[in-house]
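[1] fold the following for me, if possible:
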Amino acid sequence: MVAEQRELRDDALNGLQLSTRMESIWRTPSGFSGALMSVDHKVVGRRYIVTAFAFLLLGGLLAVLMRVQLAKPESTFLSADKYNQIFTMHGSTMMFLFAVPVMEAFAVYLVPLMVGTRNIAFPRLNAFSYWMFLFGGCFLWMSFALNVGPDVGWFAYVPLSSLQYTPTKRPDVWAQMITFTEVAALAISVEIVVTVFKQRAPGMTLDRIPLFVWAMLVTSFLVMFAMPSIMVASTSLILDRLVNTRFYDSSSGGHPLLWQHLFWFFGHPEVYIIFIPGTGMVSAILATFARRPVVGYPVVILSLIATGFLSFGLWVHHMFVTGLPQLGAGLFTASSMLIAVPSGLQIFCWLATLWDGRPVYRTPLLFVIGFIVIFVLGGLSGVMVASVPIDSQVHDTYFVVAHFHYVLIGGAVFPLIGAVYYWFPKITGRMLSERFGRWNFWLAFVGFNVAFFPMHILGLIGMPRRVYTYTADMDWAHLNLLSSGGAAIFAFSFALLLVNVIHSLRSGTLAGDNPWDASTLEWATSSPPPPQNFDRIPVVKHRDPLWLDNASLPVVAGLSVERREVLLTSLAEAEPQIREASPEPSIWPLLTAIATTVFFIGSIFTPWAVLWGTPPMAVALIGWFWPAGSKEDEE
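    Residues are numbered from 1 along each chain as shown. Reported below is the predicted structural model:
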């Protein structure tokens, strides 16, 4: 009898032999077709990040056009129709194509590295989510280029967006774009949750998980509970418009306020879906540059979880002027003020970390400090609009515009730019220019405050939001001109960031594996990481493994070097359980995304697209899941 050949495992190889073997197994196939088939979380994450920032630049250009229009009274730079389209496109792009996707993009790239695994859970689903995001964004912007871009605001309130008042295809484009982006977001959330719960490195117990990973875990649960609401709302809107249902028609038993409840049940948690990842970035950057772990690790985690829970009890404060019962309004006022408590606790923990540490003031830390200042100001105005009497006065004025830009840009964009400077060396292997970075920060900080702080005053003196012009006798011209000047400075800061990125990619200083002397596992491998992330899976014994075990980081052996394989561990203690095969590159996620795109776009023009679009989707899914496992998989 012929003896059964034993599987070759990583403990049989050492050093260069092991690295070469693992790279050959895990690398993305070469060529254009290989790029389309890639399921490497780092490749997909880079694509997500670049695409999201491309949408940021497009949305930012629209913001500049709006500020040019509003810089002087009775301007004719934009027509009312074009301004409505630009206003809607700006909000929709920033909220649905940039803010949420870019945070999840960093998670796609970083979370597997931070928890010490070789790939994200469900890597083909990960690739599918990117193609859906890309196709949805292209669909929206192609519609705008063809003058059928949505013009009903990024919130698409009914009955304005109903067929009776907007008989064009513009609201349908908006509603279906929502479906694209939410499918992508939900897919990533499932991947992040499973990766964190089941693929952590051995020894990485729940109280050793990096704070950025905790933030993304909480965010993923928020996405899974909040985003089905907006998908139901937008699908119901499409059905009202295309097949004559009456979900939002009060004359037939529906109600326009149903839209607001469904939309804001998603819309307010979305603020925290954007903000919570930013807090995780702040914690990661702060610990590294304060040269000590974040003070109050359990407090920060409990604050993240509390923020997630409380975020679902705030949506009605967007509806205080709709005639709701006073008791209900009072309860939502209380919850809207209560959510400031966990956010405040995190800020105190960060300040204590800086106070007790030895801060090194590099560009990422400057953006973190700018975030704290701006977010506190935004939080203070948030407590103001949480009060029914004040909100009744400033609702739908520029005061609210100023508030949510302070919260969203201060709470998300400033940490995000800090994260770009912090993790750019990990992703590219090169450092961004520190000199350009400091100019970038000060231009962004000054430009932002000059642009948006005057809007508080404009709102208090009566300027309504969503207007495309105003008369000279309103006495709003000087503040609007100042705001537009600040917006130009703020926009220039992003142009400087782009120049810095391009220059550094071409000739930036080589970074080395861990240029910041950080403590988390993503810095335990080379910069940029190899296809397999780690030759051997690390073992975690401390919350800051690279500070305490940097000389000899322990590893686990015994995984296959003949196929892609990840290690699954237990939920709480991260004890090794089983070896699991990781899917190979495949073209089927792309083909499934194309079939789904045809299905979604066709369905807003004819109900028959649902019938004719289903078979191609079924074929693509069958190809995706067709059994192709090895004998070991079956056993």
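[2] got any ranges where this structure has weak pLDDT?
    1-6, 10-12, 550-551, 628-635 (pLDDT under 70).
[3] tell me, how many residues neighbour Gly313?
    If you count neighbours by other C-beta atoms under 10 Å, Gly313 ends up with 17. The C-beta positions use only the backbone N, C-alpha and C, and glycine is treated the same way.
[4] you'd agree Gly253 is up against Phe247?
    No - contact between Gly253 and Phe247 fails when scored by C-beta atoms under 8 Å: they sit 9.2 Å apart.
[5] which one's more surrounded, those two?
    For Gly253 and Phe247, the more surrounded residue by other C-beta under 10 Å is Phe247, and the numbers stand at 20 against 8.
[6] hmm, Pro528 and Thr428 touching each other?
    Yes - assessed by C-beta under 8 Å, Thr428 is found in contact with Pro528 at 6.2 Å.
[7] the two: which is more packed in?
    Thr428 (17 against 14).
[8] what sits against that one?
    504-505, 508, 511, 527-528 (C-beta atoms under 8 Å, 6 or more residues apart in numbering).
[9] which stretches in the stretch 401-550 of the chain count as helices?
    414-428, 434-460, 477-507, 545-548 (DSSP state H, counting those that start in this stretch).
[10] which residues touch the residue lying closest to Ile409 once chain neighbours are set aside?
    Distances taken as C-beta to C-beta, 6 or more residues apart in numbering put Phe448 closest to Ile409, at 6.2 Å, once the chain neighbours are dropped. Neighbouring residues of Phe448 by C-beta under 8 Å, 6+ apart: 374, 409-410, 486, 490.
[11] of those, buried ones?
    374, 409-410, 486, 490 (16 or more other C-beta atoms under 10 Å).
[12] mind naming the longest helix for the protein?
    The helix that spans the most residues within the chain, counting by DSSP state H, is helix 256-290.
[13] who does that helix touch, helix- and strand-wise?
    Contacts defined by 3 or more C-beta pairs under 8 Å, 6 or more residues apart in numbering; DSSP states H and E place helix 256-290 against helix 100-115, helix 211-242, helix 297-310, helix 340-356, helix 363-385, helix 398-408, helix 414-428.
[14] can I get those helices in a markdown table with distance to Thr520?
    Below are those laid out as a markdown table (distance: least, C-beta to C-beta, whole Å):
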| stretch | distance to Thr520 |
| --- | --- |
| helix 100-115 | 6 |
| helix 211-242 | 8 |
| helix 297-310 | 13 |
| helix 340-356 | 15 |
| helix 363-385 | 14 |
| helix 398-408 | 27 |
| helix 414-428 | 10 |
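[15] apart from its neighbours in sequence, what residue is nearest Leu65?
    Leu65 sits nearest to Ile86 (C-beta to C-beta, 6+ apart), 5.7 Å away.
[16] with Gly379 instead?
    Gly379 sits nearest to Ala340 (C-beta to C-beta, 6+ apart), 5.9 Å away.
[17] which residues does that neighbour contact?
    Applying C-beta under 8 Å, 6+ apart, we find Ala340 in contact with 379, 382-383.
[18] among the residues you listed, name the buried ones.
    379, 382.
[19] closest to Ile347 out of the contacts of Ala340?
    Of all the contacts of Ala340, Ile347 sits closest to Gly379, with 8.7 Å by C-beta to C-beta.
[20] quick check, Val450 in contact with Ala488.
    No - assessed by C-beta under 8 Å, Val450 is found out of contact with Ala488, at 9.4 Å.
[21] coming back round to it: are any of the contacts of Thr428 buried, and if so which?
    Using 16+ other C-beta under 10 Å, the buried ones in those are 504, 508, 511, 527.
[22] count of residues packed around the nearest residue to the third one once chain neighbours are set aside?
    On the basis of C-beta to C-beta, 6+ apart, the spatially nearest residue to Ala511 that is not a chain neighbour turns out to be Pro425, at 3.4 Å. The burial count assigned to Pro425 is 24, neighbours taken as other C-beta under 10 Å.
[23] next, the contact list for Pro425, please.
    431-432, 511-512, 515-516, 527.
[24] so Pro615, which state does it fall into?
    helix (DSSP: H, G, I helix; E, B strand; the rest coil).
[25] and Glu182, what does it touch?
    Counted by C-beta under 8 Å, 6+ apart, Glu182 has contacts 227-228, 230-231.
[26] how does it look with 6 Å?
    Remark: with contacts taken as C-beta atoms under 6 Å, 6 or more residues apart in numbering, Glu182 is in contact with 227, 231.
[27] and it, its phi and psi?
    phi -70, psi -30 (degrees, to the nearest 10).
[28] distance of it from Leu377?
    Separation of Glu182 from Leu377 (C-beta to C-beta, to the nearest Å): 31 Å.
[29] for Ser311, see how far away Ser603 is.
    Separation of Ser603 from Ser311 (C-beta to C-beta): 31 Å.
[30] more crowded one of these two?
    Ser311 (23 against 20).
[31] would you agree that one is in contact with Tyr272?
    Yes - between Ser311 and Tyr272 there is a contact at 4.2 Å, judged by C-beta atoms under 6 Å.
[32] who touches stretch 380-395?
    With C-beta under 6 Å, 6+ apart as the test, stretch 380-395 has contacts from 317, 320-321, 329, 333, 336-337, 340, 403, 459.
[33] for those residues, which one is nearest Ala284?
    Ala284 lies nearest to Ala340 out of those, by C-beta to C-beta, at 23.2 Å.
[34] name the nearest residue to Leu18, sequence neighbours excluded.
    According to C-beta to C-beta, 6+ apart, the nearest residue to Leu18 is Asp535 (5.1 Å).
[35] look up how far Leu302 lies from the one you found.
    Applying C-beta to C-beta to Asp535 and Leu302 gives a distance of 36 Å.
[36] higher neighbour count, the two?
    Shown here are Asp535 and Leu302; by other C-beta under 10 Å, Asp535 has more neighbours (23 against 14).
[37] surely the more buried one meets Leu16?
    No - using C-beta under 6 Å, Asp535 is not in contact with Leu16, being 9.9 Å away.
[38] quick one: the strands in the stretch 501-635 of the chain, in order.
    Assigned by DSSP state E, counting those that start in this stretch, the strands in the stretch 501-635 of the chain fall at 537-538, 555-556, 565-569, 576-581.
[39] nearest to Tyr470, out of those strands?
    strand 565-569 (58.6 Å).
[40] so what strands line up beside that closest one?
    strand 576-581 (antiparallel) (DSSP bridges).
[41] show residues contacting the partner strand.
    202, 565-570, 633.
[42] that strand: which residues count as buried?
    By neighbour count on 16+ other C-beta under 10 Å, the buried set for strand 576-581 is Pro576.
[43] and it, how far out from the chain middle?
    30 Å (C-alpha atoms, centre = their mean, to the nearest Å).
[44] returning to that earlier point: adding distance to Leu56, write the strands of the stretch 501-635 of the chain out as JSON lines.
    Below are the strands of the stretch 501-635 of the chain laid out as JSON lines (distance: least, C-beta to C-beta, whole Å):
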{"stretch": "strand 537-538", "distance to Leu56": "34"}
{"stretch": "strand 555-556", "distance to Leu56": "39"}
{"stretch": "strand 565-569", "distance to Leu56": "33"}
{"stretch": "strand 576-581", "distance to Leu56": "36"}
